[in-house]
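Participant: Quick one, fold the following:
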Amino acid sequence: MTTEDKKPFKSQEGQTDQQPDQKENNLVSQEENHQELQSEAKRGWIKLITFSVLAAFVAGLIGGGVGYLWGQSFKSETDTRRYKRIERAKAEAKDTETGFITEKDRVIFTFSLKDLGLLKYNNKDSHGLTADQIVNTYGLASGVDYEKKGIKLSWDRSKSSKSQSVTMYFEKSGDNYYLKHVQAYALGEFQDKQKLEDEDEDEDEKDTDNSKDYKLTNEEFKSLKKGDSKTGKGGTPLSELLKKHGQSIQIETENDITANGEKYISNRVIAKVFYEVDDDYKTLRFLAQPNGEFLYIGTERD
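Facilitator: Down below sits the predicted model:
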């Protein structure tokens, strides 16, 4: 074989020696590019996730802030006047050294059904609120009656409700008086504005026929939803009934009459309302809820 014949062979050999190196380099380069792309993609996803989390967090803060402000606004519209009255009532009670009653024409605080539903009454396990605690919280009463076994405080004609009539009965135990039950009528929240305006007119010109407040038609009675006997869940709210028929209510811990007097049979607070239904008379029972509302659980004879 001549020298010329060997040259091409040599050249091919050189090429074949170089090809594996080039392939290896190409593979390494491709792998590096692939890893770099994966890293960039991963960084991109991390940025996207981080941004999404931050955006959701900020949105939550903004939304929560707006919700809080809206809630505060709503709360201020419905409760600000109540809080102001209760603060003034507390201040007046604090300034009074002795006694339970105010010297002014009208009491400051106007009770709501919720206020009465959240009070603690005497029960089988413990005492209710003391007369001092009530006065220190809700202000001075308009009247007081001292009885053999306790005292009776009344809050009549408040500054924002001329018809309000709330009487609290306290039993004496030791040196204190503890809340036994409440009798309430014409709570301000259930009074018709026109009816309140009529109170400023001459007594002879006023329509004093309130008989419809004491009566329910048979259809109205049957339309009441009876809630669970233990929880009241699903029952008609007492507030709905009082808006239509503003009858007197009595609130106290569930009890039974025995030969030895009243005996508490549970710690449940019950509101009783007496109505005439056609030619019959019924005492409706409503169970107090944690929010101060009362739900219908049936009549006293159920």
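Participant: what about residue 291, how many neighbours?
Facilitator: 8 (other C-beta atoms under 10 Å). Heads up, the C-betas are built off the backbone N, CA and C, glycines and all.
Participant: Leaving aside the residues adjacent along the chain, what's closest to it?
Facilitator: residue 114 (7.2 Å; C-beta to C-beta, 6 or more residues apart in numbering).
Participant: Show me what the helix or strand hosting the one you found packs onto, helices and strands only.
Facilitator: Counting by DSSP states H and E, the element that carries residue 114 is helix 113-117. Packed against helix 113-117 by the contact rule (3 or more C-beta pairs under 8 Å, 6 or more residues apart in numbering; DSSP states H and E) you find strand 176-185, helix 238-244.
Participant: hmm, who's touching the longest one?
Facilitator: This means strand 176-185. With contacts defined as C-beta atoms under 8 Å, 6 or more residues apart in numbering, strand 176-185 is touched by 111, 113, 116, 119-122, 127-132, 134, 150-151, 165-172, 246-252.
Participant: now the shortest one
Facilitator: Residues from elsewhere that reach helix 238-244 (C-beta under 8 Å, 6+ apart): 113, 187, 189-190, 220, 224, 249, 271, 273, 284, 286, 293-296.
Participant: angle of the helix or strand following it against strand 176-185?
Facilitator: As assigned by DSSP H and E, the chain's next helix or strand after helix 238-244 is strand 249-258. Strand 249-258 runs at 120 degrees relative to strand 176-185, counting by axes from the mean of the first three to the mean of the last three C-alpha atoms, to 10 degrees.
Participant: Could you list the buried residues of stretch 218-231?
Facilitator: For stretch 218-231, a neighbour-count test (16 or more other C-beta atoms under 10 Å) marks 224, 226, 227 as buried.
Participant: tell me the mean pLDDT for that stretch?
Facilitator: On average, the pLDDT along stretch 218-231 is 97.
Participant: What's the local residue count around residue 159?
Facilitator: For residue 159, the number of neighbouring residues by other C-beta under 10 Å comes to 16.
Participant: I should have written residue 279 there, sorry.
Facilitator: Here the neighbour count serves as a burial measure; for residue 279 (other C-beta under 10 Å) it reads 6.
Participant: returning to what we had before: wouldn't the residue nearest to residue 291 be in contact with residue 294 here?
Facilitator: No: assessed by C-beta atoms under 8 Å, residue 114 is found out of contact with residue 294, at 9.6 Å.
Participant: more crowded one of the two?
Facilitator: With other C-beta under 10 Å as the criterion, residue 114 and residue 294 differ in neighbour count, and residue 294 comes out ahead with 30 against 16.
Participant: What pairs with the lengthiest strand in the chain, parallel or antiparallel?
Facilitator: Among the segments of the chain that qualify as a strand by DSSP state E, the longest is strand 261-277. With DSSP bridges as the criterion, the sheet partners recorded for strand 261-277 are strand 215-216 (parallel), strand 249-258 (antiparallel), strand 280-288 (antiparallel).
Participant: coming back round to it: going by neighbour count, which of the contacts of strand 176-185 are buried?
Facilitator: With neighbours counted by 16+ other C-beta under 10 Å, those contain buried members at 111, 113, 116, 119-122, 127-131, 134, 150-151, 165-171, 246-247, 249-252.
Participant: Before I go, just wanted to say thanks for your time.
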